[in-house]
Every structure is written in C-alpha cells, then in structure tokens.
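Asks: following is a predicted model, sequence given first.
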Amino acid sequence: MKDMELEIDSLAAKTPLSDALDRRLFMKVALGSGFAAAALPVCAQTMIKTDTEGLDAGEITLTVKGQKVPVYRAQPKGKTKLPVVLVVSEIFGVHEHIADVARRFAKLGYLALAPDLFVRQGNAGAYSSIAELMKEVVSKVPDAQVMADLDACVAWAAEHGGNVDKLGITGFCWGGRITWLYAAHNPKVKAGVAWYGRLVGDKTGLTPRHPVDIAADLTVPVLGLYGGKDNGIPLDTVERMRAALEKGGSKSEIFVYPEAGHAFHADYRPSYVEAAAKDGWRRCLAWFKAHGVA
C-alpha cells in the first residue's frame, strides 16, 4: 500500500492548482459533492459530468446496528424492479466522481448505491495527506463492518425499487479489494467488477482475508481490471491471483492494461487514461449483462 500512496502523491505533485474554479470543485460540502482534500489536484478538463435529469439522486441514510450510514443513491425516476449495483469508493470516500459513476449506472437503468463506508472512523474528505488519511481512517475500518453496511444497502434496495436477484458490485482501488471480498461474502451477488483493487496483504484482526485468499473458493464471477504500470499493485500479485482463480470455478477473469497505471478510471485525476477507462467501462457493462445483473 505504501507504494500506491507514493505513486498517488507523485501524481498530485505534477499538477498545481490552477484557478478558483478548481478550488471550488475541491470543497466537500455533502456526500457525493466536491472532492476529498487528499485527492487533490482535480483535473477539471478531463472530468466527466453526468446530470440528474430523469433520476432520483442524492443522499439517503441507513441505520446499521445503531449507526447512521450516509449513502449516495441514483436510480431512474418512477421505475421498479431495477438491477442493483453497489459502487464502492476509493480511500477518498464518496465524493463527486463516485457519485458521478453511480449516476452513469442510473442512466443505464440501474439502482446504484455508494455508501460512506468510513463514517464510523472519520471523514475521509477532511484529510489533506494520503498518509494521514490511511493512518487515521482507512486502516481502522474492519472488513466485517464493510460487509454489514453493504448488506444493509442491498436490503434497502429490495424495498425501494431494486431487484436484488440482479445484484452487482463494482469498486475502485480500496473498493476494488472490497469488491472481491463482497462477492465471496454475499451469495446474492451475480457478478463483480474490481478496478485495480489490492489482492494481497498482511492478515490482521480487521482484515483477516484478502482476495488471493478467497479466490479458489469464489463462486461469483468477478472481472478484475488492472494497470500494467501500477506501482502499488505489482504484476506478480496479479499473476498470483490469476493462478488462485484458476483453481476455483467462478469463471472470474483479470484484464491488464499494459500502459495504464493506478487509478486509470479516475477522470478527475492526473492518473486518468482515457482509452483504458473507456474500455474498462465497456467491459464492466458487458460483464454485468453476461452474468445476469443487467
């Protein structure tokens, strides 16, 4: 994880803040708006903006074991029996980009839910450095807590227009790792798409298993999308994951973009690689369709 943090910090250093517009974009005022301080700088010129026309979109609140959990929700207005997709954020939380991804799914007929999975540990948007954010918030989040919060999102979707027999999950970076784990956790998941999620790591009380540990027993098909130049996720770990998956029967696959680095889908950051991002999105949608989500 340290290598990934160094890479992100170096990317951020390459693009200075340029104008007042960018600065306004950085301000986090509500779930799904603005950007976490540690995610700066924002590249406004490449950032995709999806409107809310025809959608019910905005923050809802679930209560999970007495804790209020904010969730960004987007779905077509007035429609029911919608396929459901859980959108799991990067370490920066549910900011404007993650909300935009949820709206992109909603425009295609999905009920998309992006929960604030860090809410108990702190405000991911408030930290100005990745190292501090990792130490004070992200490293303190138990996998079991995340699984329970995602289960609550699925239960909410079932009561609010979603067809949870068509359940998918996708996530980015930190959320990519969670995507692999949740596919193993919830048998209702039909398919997952994990974007550059860490595959190996130290086992702790909070993180007792990692994707490579559950790969052989995985039954849900997960598509992994990775960058060949990702300094934080070495290709040897990707090959370890491939080998572990081949021992199971999930029909999961991993695709590597040789010229892309980490966070190549993040159109608001300098790491964005348009060709890989667009192809990955196409593969994501096709994967969900092929495996009974769409």
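Replies: Received it, and whenever you're ready, just let me know what you need.

Asks: for stretch 234-247, buried residues please.
Replies: 237-238, 240-242, 244-245 (16 or more other CB atoms under 10 Å). Where C-beta positions appear, they are placed from N, C-alpha and C, glycine not excepted.

Asks: with the residues you listed in mind, which one is nearest to Val88?
Replies: Met241 (17.9 Å; CB to CB).

Asks: so the closest residue to the closest one other than its chain neighbours: helix, strand or coil?
Replies: Excluding the flanking residues, the one nearest Met241 by CB to CB, 6 or more residues apart in numbering is Leu199, at 4.6 Å. Assigned with DSSP: H, G, I helix; E, B strand; the rest coil, Leu199 falls in the coil class.

Asks: thinking again about what came up before, can you list which of the buried residues of stretch 234-247 are found in helices?
Replies: When the buried residues of stretch 234-247 are checked against helices (DSSP state H), the matches are 237-238, 240-242, 244-245.

Asks: closest to Asn186 out of these?
Replies: Once CB to CB is applied, the member of these that ends up nearest Asn186 is Leu245, at 18.5 Å.

Asks: got the contact list for the closest one?
Replies: 215-216, 218, 252-254 (CB atoms under 8 Å, 6 or more residues apart in numbering).

Asks: by neighbour count, which of those residues wins?
Replies: Highest neighbour count within those, by other CB atoms under 10 Å: Ser252, with 26 neighbours.

Asks: isn't that residue right next to Leu225, touching?
Replies: No. Using CB atoms under 8 Å, Ser252 makes no contact with Leu225, being 11.9 Å away.

Asks: touching, the residue nearest to Met241 and Ala243? I think so.
Replies: No. Between Leu199 and Ala243 there is no contact under CB under 8 Å: 11.3 Å.

Asks: check which helix or strand Phe264 maps to.
Replies: Per DSSP states H and E: Phe264 is located in neither a helix nor a strand.

Asks: ok, it - how many residues close by?
Replies: That count, for Phe264 with other CB under 10 Å as the rule, works out to 27.

Asks: give me the pLDDT value at it.
Replies: At Phe264, the model reports a pLDDT of 98.

Asks: same question, the one 4 residues further on
Replies: In the predicted model, Tyr268 carries a pLDDT score of 97.

Asks: picking that back up, burial count for the residue nearest to Met241?
Replies: 26.

Asks: kindly report the same for the one 4 residues further on.
Replies: As a burial measure, Lys203 scores 10 neighbours (other CB under 10 Å).

Asks: isn't it right up against His210?
Replies: Yes. Counting by CB under 8 Å, His210 is a contact partner of Lys203 at 7.3 Å.

Asks: in the stretch 101-250 of the chain, which spans are helices?
Replies: Along the stretch 101-250 of the chain, counting by DSSP state H, counting those that start in this stretch, helices occupy 130-136, 143-159, 174-185, 211-214, 235-246.

Asks: indicate which one of these is closest to Ile48.
Replies: Closest among the helices of the stretch 101-250 of the chain, using CB to CB: helix 174-185, at 17.8 Å.

Asks: so which elements touch the closest one?
Replies: Here helix 174-185 touches strand 82-88, helix 143-159, strand 162-172, strand 189-195, helix 211-214, strand 222-227, going by 3 or more CB pairs under 8 Å, 6 or more residues apart in numbering; DSSP states H and E.

Asks: report the beta-bridge partners for the residue nearest to Gly175 when sequence neighbours are not counted.
Replies: Counting by CB to CB, 6+ apart, Gly175 lies nearest to Val88, which is 3.1 Å off, once chain neighbours are set aside. Judged by DSSP bridges, the bridge partners of Val88 are Gly171.

Asks: I'd say Val88 and Trp180 touch.
Replies: No. With contact defined as CB under 8 Å, Val88 does not reach Trp180; the gap is 10.6 Å.
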